[in-house]
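Student: quick check, what structure comes out for this input:
(chains A, B and C)
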Amino acid sequence: MIADRPAVYDLYAAYGALIDVGDWDAWLDLFAVACRYQIVPRENAELSLPAGLIFCDSRAMLEDRIMALREANKYNIHWDRHVIGLPRVIGDADAEISVEAPFAVYQSDQEGSSRLFATGLYRDRIISERGGLRFHDKVVLLDTFAVPSLLATPL
Amino acid sequence: MIADRPAVYDLYAAYGALIDVGDWDAWLDLFAVACRYQIVPRENAELSLPAGLIFCDSRAMLEDRIMALREANKYNIHWDRHVIGLPRVIGDADAEISVEAPFAVYQSDQEGSSRLFATGLYRDRIISERGGLRFHDKVVLLDTFAVPSLLATPL
Amino acid sequence: MIADRPAVYDLYAAYGALIDVGDWDAWLDLFAVACRYQIVPRENAELSLPAGLIFCDSRAMLEDRIMALREANKYNIHWDRHVIGLPRVIGDADAEISVEAPFAVYQSDQEGSSRLFATGLYRDRIISERGGLRFHDKVVLLDTFAVPSLLATPL
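Tutor: Residues are numbered from 1 along each chain as shown, chains lettered A, B, ... in the order given. Have a look, this model is predicted:
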């Protein structure tokens, strides 16, 4: 599959924007029907420890998780802002492409104060499905793992 | 109008860079002759409250505002650094395109300390004019509105 | 040389990613055989003061410096995360292109806390060599110069 650069960039732009605006249906639509999504502290990934903060290996599981986070979010009012760096295509096979992109997520509270919430790296495998690029396997390698209890939205 | 992706990216790259370097003439040149520029706390935007921190509905008004900010800036010496995320083209009509882009702005003081100043989202309508893309209507949706008194440069 | 936008973006994406993952051989490979790399506080650059925090005017010197930093890094365990904004091609001559890109670098410690480490601007001259784009002259204009003693990796 030839990595169409604008399509890859658009996928990441949409990924961050849809979390920030809370449009979960459109966000879930960025994932392939068969998908995996996990948030893993970078430290665990380096030691090949499987334990992640979030692990979903089906779309239904991801949907369930989003619903739970939305509920939790009612008691922790804040707004996210994703700033995602330039994606890097690191592999381009017949059926899928491997892409990495660094990110910083900021949170703002109801008083209008903003702070850095987390930084990390997306390490993704992307396929073409339903007429567009979709995340088949998304790993969120988290530099900041001291705040898992505040994970009220996906990253 | 077909959204030419490199031209859109260049427009945002120039927008942030020209503020950071203080080249206000070149910055103003990124706007259409008939333009609107406003900075609105995200909270107000969600409630459809019109009150913004800055509202300019003509190029002359925007120029005036920049002159005032430059004057204020003499007493609040700092340097801005814009890091703007991937722009997202969300609408592409005959005569204009709608684009959103997340941003983080950092400020550094004379002692060389840097800190996060503000995060937010640009929600823009862009037209083609004078041989290039220009902002026809730029809304700066501000996540961080606890510091309006420090707004000594545009965002 | 016609600035091939995807190639320019890829160069910056690789530049940040390779520092963050500590792949120094691949990182050095992004530089031309004849290269210059320096980190200069923005203040010094504005006053045309030559003094930089790091100055390497050959590839061998840059390699030496990286080795020294790696050694220092053993006593200051942390992880970098570069988020580089959209590159801006500001000059495109026959043999080289001039590009600027803003950046923010975050550091995370072993406890999983992240913080802003530095912001600044890359001001680069890029040439084509060995079948790809390479940094011929890279200037890291640093907004944050209050922390030079912590410079345990390149920026």
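
Student: give the burial count for A:Ala118, as a bare number.
Tutor: Neighbours of A:Ala118 under the rule other CB atoms under 10 Å in any protein chain shown: 27. Every residue, glycine included, has its C-beta placed from N, CA and C.

Student: how much space separates it from chain B?
Tutor: From A:Ala118 across to chain B, the span is 13 Å (CB to the nearest CB, to the nearest Å).

Student: what's across from that residue in the sheet?
Tutor: With DSSP bridges as the criterion, A:Ala118 is bridged to A:Val105.

Student: can I assume it is in contact with A:Thr144?
Tutor: Yes: assessed by CB atoms under 8 Å, A:Ala118 is found in contact with A:Thr144 at 4.0 Å.

Student: what are the ranges of the strands in chain A?
Tutor: Assigned by DSSP state E, the strands in chain A fall at A:31-41, A:54-56, A:79-84, A:88-92, A:96-108, A:114-129, A:132-142.

Student: between those, which one is nearest to B:Tyr75?
Tutor: strand A:114-129 (24.0 Å; CB to CB).

Student: how about the closest one: buried residues?
Tutor: A:114, A:116-128 (16 or more other CB atoms under 10 Å in any protein chain shown).

Student: repeat that for stretch A:26-40.
Tutor: If you call a residue buried by 16+ other CB under 10 Å, then stretch A:26-40 has these buried ones: A:27, A:30-32, A:35-40.

Student: poorly predicted segments of chain A, please.
Tutor: Within chain A, the stretches with pLDDT under 70 are A:1-2, A:49-51, A:148-150.

Student: how about residues contacting stretch A:7-22?
Tutor: Outside stretch A:7-22, the residues that touch it by CB atoms under 8 Å, 6 or more residues apart in numbering or on different chains are A:24, A:26-27, A:30, A:79-84, A:87, A:89, A:97, A:99, A:101, A:103, A:122, A:126, A:132-133, A:135, A:153-155, B:5, B:85-89, B:100-102, B:121.

Student: quick one: buried ones out of these?
Tutor: Buried by 16+ other CB under 10 Å: A:24, A:27, A:30, A:79-84, A:87, A:89, A:97, A:99, A:101, A:103, A:122, A:126, A:133, A:135, A:153-155, B:85-89, B:100-102, B:121, out of these.

Student: go ahead and confirm A:Gly91 touches A:Ile97.
Tutor: Yes: using CB under 8 Å, A:Gly91 is in contact with A:Ile97, at 6.4 Å.

Student: tell me the residues of chain A that contact chain C?
Tutor: Contact residues, chain A versus chain C (CB under 8 Å from any CB of the partner chain): A:5, A:41-43, A:83-89, A:100-104, A:116, A:118-121, A:142-147.

Student: go again with 6 Å.
Tutor: A:5, A:85-86, A:88, A:102, A:104, A:119, A:143-146 (CB under 6 Å from any CB of the partner chain).

Student: redo these as a markdown table? Include distance to B:Tyr9.
Tutor: As requested, the residues of chain A next to chain C are exported to a markdown table (distance: CB to CB, whole Å):
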| residue | distance to B:Tyr9 |
| --- | --- |
| A:Arg5 | 11 |
| A:Gly85 | 13 |
| A:Leu86 | 10 |
| A:Arg88 | 16 |
| A:Pro102 | 17 |
| A:Ala104 | 19 |
| A:Thr119 | 23 |
| A:Asp143 | 26 |
| A:Thr144 | 28 |
| A:Phe145 | 32 |
| A:Ala146 | 34 |
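
Student: and which of the residues you listed is nearest A:Leu47?
Tutor: Nearest to A:Leu47 out of these is A:Phe145 (CB to CB; 12.9 Å).

Student: quick check: longest helix of chain A.
Tutor: The longest helix of chain A (DSSP state H) is helix A:5-21.

Student: off-centre distance for that one?
Tutor: Centre-to-centre, helix A:5-21 and its host chain are 10 Å apart (CA atoms, centre = their mean, to the nearest Å).

Student: again, but for stretch A:4-11
Tutor: Stretch A:4-11 sits 16 Å away from the centroid of its parent chain (CA atoms, centre = their mean).

Student: buried set for that stretch?
Tutor: A:8-11.

Student: returning to what we had before: ok and the longest helix of chain A relative to strand A:114-129, angle-wise?
Tutor: 130 degrees (axes from the mean of the first three to the mean of the last three CA atoms, to 10 degrees).

Student: by how many degrees do helix A:5-21 and strand A:31-41 diverge?
Tutor: On the basis of the same axes, to 10 degrees, helix A:5-21 is oriented at 70 degrees to strand A:31-41.

Student: what's the angle from helix A:5-21 to strand B:96-108?
Tutor: Helix A:5-21 runs at 70 degrees relative to strand B:96-108, counting by the same axes, to 10 degrees.

Student: related to what we said a few turns ago, and of the buried residues of strand A:114-129, the nearest to chain B?
Tutor: Lowest distance from chain B to these (CB to the nearest CB) belongs to A:Ser114, with 4.0 Å.

Student: so in terms of bridging, what pairs with that closest one?
Tutor: Judged by DSSP bridges, the bridge partners of A:Ser114 are A:Ser108.

Student: who's in contact with it?
Tutor: Counting by CB atoms under 6 Å, 6 or more residues apart in numbering or on different chains, A:Ser114 touches A:106, A:108, B:119, B:143-144.

Student: may I ask which of those residues has the most neighbours?
Tutor: B:Thr119 leads these on contacts (other CB under 10 Å) with 30 neighbours.

Student: got a list of what it touches?
Tutor: Residues near B:Thr119 by CB under 6 Å, 6+ apart: A:81, A:106, A:114, B:104, B:143-144.

Student: quick one: furthest residue from the center of chain A?
Tutor: A:Glu111 (26.3 Å; CA atoms, centre = their mean).

Student: could you check how far it is from chain C?
Tutor: 21 Å.

Student: just give the nearest non-adjacent residue to that residue, would you?
Tutor: Excluding the flanking residues, the one nearest A:Glu111 by CB to CB, 6 or more residues apart in numbering or on different chains is B:Ala146, at 5.9 Å.

Student: hang on, that neighbour packs against A:Gln110?
Tutor: No: contact criterion CB atoms under 6 Å: B:Ala146 and A:Gln110 do not qualify, at 10.3 Å.

Student: higher neighbour count, these two?
Tutor: Between B:Ala146 and A:Gln110, B:Ala146 has the larger neighbour count (other CB under 10 Å), namely 16 against 9.

Student: next, that one: phi, psi?
Tutor: When quoted as degrees, to the nearest 10, the phi and psi of B:Ala146 stand at phi -80, psi 0.

Student: A:His78 too?
Tutor: Dihedral pair for A:His78: phi -160, psi 170, per degrees, to the nearest 10.

Student: ok, it - how many residues close by?
Tutor: A:His78 has 18 neighbouring residues, counting by other CB under 10 Å.
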